[in-house]
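1. 3D, please:
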Amino acid sequence: MRSLTPALALVFFFLGSQAANADETASHQGQIRDRLAKVSVEKADVTSGPAEAYTRRGRVYRGDVLTVRGKPGSSWVEIMSGDVRGWIRLSKLTIIPYGQIRKDKGGQVDAGRDRRETNYSYDAQGRRRHTGGGLMGSGEGTQTEDQRPETSEEERSVYIDVGVGIGQVDRKFYSNSSMLSVLYGSAVAPVGLSTYLDAQWRPSRWFSVTGSLQDVRLGSSRVTAPPLNEGAPIEIAVDSQTSLAALHIHYSTPQLTVGGFTGVHLFRTGFQETKPVPLFLDTVVWSGVFGAKARYQLGAIEFDVQAGLLVPLSVHQEPKSSGQDTASGHHISAHVRWWALNNWALNLHLNVDKIYVEYQGDNDHIDTVTEGGPYTYTQARESTQVWTFGLGVSRAL
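-> Numbers count the residues shown, from 1 in each chain. Now for the predicted structure:
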């Protein structure tokens with residue numbers, strides 16, 4: 001029995017070493033050796049994992065040469081570029097054929113690389129082929145025959161946000177008319193259904209173009225004006241639209257974007273007309289806008305805030321006019337996006353626009369129904385604030 005013990009030990013040792021070798025072989029099967037690749041798009045973000053939602057670690061640019069490794073069939077590869085290590089989409093790279101890198105720095109042919117080039121080669125997708133052109137071995141590539149290239153960085157620079165929520169139109173109007181008149185002062189603040197649509201085009205780290213639209217409807221307020229409607233409360237329907245088109249100049253890193261913007265802003269509020277005297281006038285204000293913006297990326301969460309001043313260019317009222325106008329205002333918006341999927345995100349949206357208008361001089365807004373009239377005014381102040389808050393989805397194209 002004792003004489004069998006060394007033999008059994010040798011057998012177990014041999015089997016164990018074979019299993020270890022098999023495990024090691026399996027662990028390396030399908031792994032790509034370090035390859036050199038060149039960035040083939042204008043710019044590409046490097047993430048901490050194989051998906052867009054991971055934290056960004058840096059950025060590489062067209063022509064940069066990287067060392068890459070990965071698995072067959074994967075659309076992401078791990079890269080090393082100086083101090084930057086992370087993951088990037090394979091479609092943004094072009095694998096450098098071995099024929100272009102066989103020589104060492106001294107111009108001598110590397111024996112190992114020469115043998116590979118003589119016995120087999122790699123195509124542009126990193127797949128190993130016989131010199132006759134057929135695939136061989138494990139393929140060692142990172143893209144299968146039927147895979148299509150992923151969307152490039154330039155093509156994914158458009159972002160769209162859509163959503164619904166609630167909104168409020170807060171209108172206050174006061175004048176130097178007689179306190180007896182319905183034109184002396186009035187205020188409404190109805191809450192309604194809001195919808196929003198935002199679009200951004202970010203072609204580079206230096207500038208972007210944005211457009212936005214907020215709409216508030218289905219809101220109404222009850223107003224009591226004794227000379228009107230035989231003293232009964234009047235239900236006034238209210239709606240509002242604000243929109244902004246702007247050019248942003250900024251500097252961007254993978255985590256932070258800061259800069260300024262300028263553009264054109266439209267502000268409209270509409271009120272159901274009361275007769276024979278309109279209590280509230282529809283107002284349309286076109287303004288220039290300039291301000292500052294900031295965007296911060298924290299993993300899969302993106303915070304986007306901007307604030308600006310409105311410089312009104314024109315003010316138009318219907319069906320009457322309150323006189324010569326002087327206006328000012330401000331604009332604030334904020335987005336929080338959670339990139340839960342590759343190019344899809346949930347977003348929270350907040351938008352606040354406020355316009356102040358001072359009126360002076362003659363006007364045709366006249367109270368003809370209050371006893372002791374007619375009444376009008378020579379000075380008036382109108383303030384209108386519209387805010388919207390909603391939940392929606394974002395899509396990167």
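
2. center of this protein, which residue is that?
-> The residue lying closest to the centre of the chain (C-alpha atoms, centre = their mean) is Tyr159, at 4.9 Å.

3. partners of the strand or helix carrying Phe389 in the sheet?
-> If you go by DSSP states H and E, Phe389 is part of strand 379-396. With DSSP bridges as the test, strand 379-396 is paired with strand 158-175 (antiparallel), strand 344-360 (antiparallel).

4. remind me which residues of the protein are low pLDDT?
-> Applying pLDDT under 70 to the chain flags the ranges 1-34, 72, 81-83, 98-156.

5. just the helices in it please.
-> For the chain, the helices defined by DSSP state H cover 4-28, 111-119.

6. and Gly211, how far from Val369?
-> Counting by C-beta to C-beta, to the nearest Å, the gap from Gly211 to Val369 is 44 Å. Quick note: C-beta positions are derived from backbone N, CA and C, even for glycine.

7. ok, these two, which is more surrounded?
-> Ranked by neighbour count (other C-beta atoms under 10 Å), Gly211 and Val369 place Val369 first, with 17 against 14.

8. ok, that one touching Asn229?
-> No - taking C-beta atoms under 8 Å as the definition, Val369 is not a contact partner of Asn229, at 10.4 Å.

9. nearest spatial neighbour of the residue nearest to the centre of the chain, skipping sequence neighbours?
-> Using C-beta to C-beta, 6 or more residues apart in numbering and skipping residues adjacent in sequence, the residue nearest Tyr159 is Gln200, 4.4 Å away.

10. now do Ala396
-> In this structure, Ala396 finds its nearest non-sequential neighbour in Asn343, 4.3 Å apart by C-beta to C-beta, 6+ apart.

11. measure Arg268 to Val386 for me?
-> Arg268 is 9 Å from Val386, by C-beta to C-beta.

12. out of these two, which sits in the busier spot?
-> Neighbours per residue (other C-beta under 10 Å) separate Arg268 from Val386, with Val386 holding more: 24 against 18.

13. list the contacts for the more buried one?
-> 167-170, 214, 216, 240, 242, 267, 269, 352-354 (C-beta atoms under 8 Å, 6 or more residues apart in numbering).

14. so in terms of bridging, what pairs with it?
-> According to DSSP bridges, the residues that bridge with Val386 are Val169, Asp353.

15. Phe267 now?
-> Thr242, Val285.

16. residues in contact with Gly308?
-> When the contact criterion is C-beta under 8 Å, 6+ apart, the partners of Gly308 are Phe261, Val289, Phe290, Gly291, Ala292, His330, His331.

17. now that we have those, can you turn them into JSON lines and tack on neighbour count and distance to Thr94?
-> Shown next, in JSON lines, are the contacts of Gly308 (neighbours: other C-beta atoms under 10 Å; distance: C-beta to C-beta, whole Å):
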{"residue": "Phe261", "neighbour count": "22", "distance to Thr94": "36"}
{"residue": "Val289", "neighbour count": "21", "distance to Thr94": "43"}
{"residue": "Phe290", "neighbour count": "14", "distance to Thr94": "42"}
{"residue": "Gly291", "neighbour count": "19", "distance to Thr94": "41"}
{"residue": "Ala292", "neighbour count": "14", "distance to Thr94": "39"}
{"residue": "His330", "neighbour count": "16", "distance to Thr94": "49"}
{"residue": "His331", "neighbour count": "25", "distance to Thr94": "44"}
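
18. of these, which belong to strands?
-> Under the assignment DSSP state E, these contribute Phe261, Val289, Phe290, Gly291, Ala292, His330, His331 to strands.

19. Ser175: which of those residues is nearest?
-> Using C-beta to C-beta, His330 comes nearest to Ser175 of those, at 23.6 Å.

20. and Gly291, what does it touch?
-> Contacts here follow C-beta under 8 Å, 6+ apart; on that basis Gly291 touches Gly260, Phe261, Thr262, Gln306, Ala307, Gly308, Leu309, His331.

21. partner residues bridging the nearest residue in space to the third one that is not next to it in sequence?
-> Spatial nearest neighbour of Thr262, excluding adjacent residues (C-beta to C-beta, 6+ apart): Phe290 at 4.4 Å. In this structure, Phe290 has beta-bridge partners Thr262, Leu309, where bridges are defined by DSSP bridges.

22. and Phe290, what is it in contact with?
-> Counting by C-beta under 8 Å, 6+ apart, Phe290 makes contact with Gly260, Phe261, Thr262, Gly308, Leu309, Val311.

23. could you check how far the second one is from Gln306?
-> Plainly put, Phe261 is 6 Å away from Gln306 if you go by C-beta to C-beta.

24. okay, now Ser177: neighbour count?
-> Ser177, neighbours per other C-beta under 10 Å, totals 22.

25. can you list phi and psi of it for me?
-> Torsion angles at Ser177 (phi, psi; degrees, to the nearest 10) stand at phi -70, psi 170.

26. so what's it closest to, chain neighbours aside?
-> The shortest distance from Ser177 to any non-neighbouring residue, by C-beta to C-beta, 6+ apart, is to Tyr377 (4.0 Å).

27. in contact with that neighbour: list those residues for me.
-> Ser175, Asn176, Ser177, Leu183, Ser322, Asn363, His365.

28. and Ala189, how many neighbours does it have?
-> Residues contacting Ala189 under the criterion other C-beta under 10 Å number 13.

29. pretty sure it sits against Val169.
-> Yes - applying C-beta under 8 Å as the test, Ala189 and Val169 come out as touching, 7.2 Å apart.
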